[in-house]
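J.: sequence first, then the predicted structure:
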Amino acid sequence: KYGEHFWDDPIYVEIKKSLDRVAEIMKDDPTGEFQNPFLTDTAGAFDATSIAVSHPLGGCIMGADVTKGVVDQFGRVFDKTKTGDRAFYEKLYIADASVIPSALGVNPSLTISALALRIGDQIIKEL
């Protein structure tokens, strides 16, 4: 809503409370480590106060050829009606998180940015 700050939204207030709880747990651990329940097999690690973050990836995955993906390593979309070096739709590229084949286990922002920059460089070369 115009004129309101996103941090006043109730969902962000709850996220901040959860992050404050995580910081409190980390502060009390002499090692300074915090066990991430999302990276363990601990049953029951999740409860109503857990934070969950989604990084949707895939959908137009990168592959070596049309049988293994939708795009190549340069974001060019495969055209299954063609073969060889011209086996792509002309001037059609995908340069977002959908080309990443599976979850990375870490925040994907830098990977997405690096892929987008590489794909952008390829587009410039082909102009």
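T.: Looks like it came in fine.
J.: and residue 24, what pLDDT?
T.: Residue 24 carries a pLDDT score of 77 in this model.
J.: quick one: buried residues of the helix or strand containing it?
T.: Residue 24 is part of helix 10-28 when elements are defined by DSSP states H and E. By neighbour count with 16 or more other CB atoms under 10 Å, helix 10-28 contains no buried residues. C-betas here are computed from N, CA, C, even on glycine.
J.: need the contact list for residue 91.
T.: For residue 91, the contact set (CB atoms under 8 Å, 6 or more residues apart in numbering) is empty.
J.: could you say which helix or strand contains it?
T.: Element membership for residue 91, per DSSP H and E: strand 88-93.
J.: what strands line up against that strand, and which way round?
T.: Paired with strand 88-93 in the same sheet, following DSSP bridges, are strand 76-78 (antiparallel).
J.: average pLDDT for the partner strand?
T.: With pLDDT averaged residue by residue, strand 76-78 scores 97.
J.: what residues does that strand touch?
T.: For strand 76-78, contacts defined as CB under 8 Å, 6+ apart pick out 60, 65-66, 69-72, 87-89, 92-94, 122.
J.: thank you kindly, that will do.
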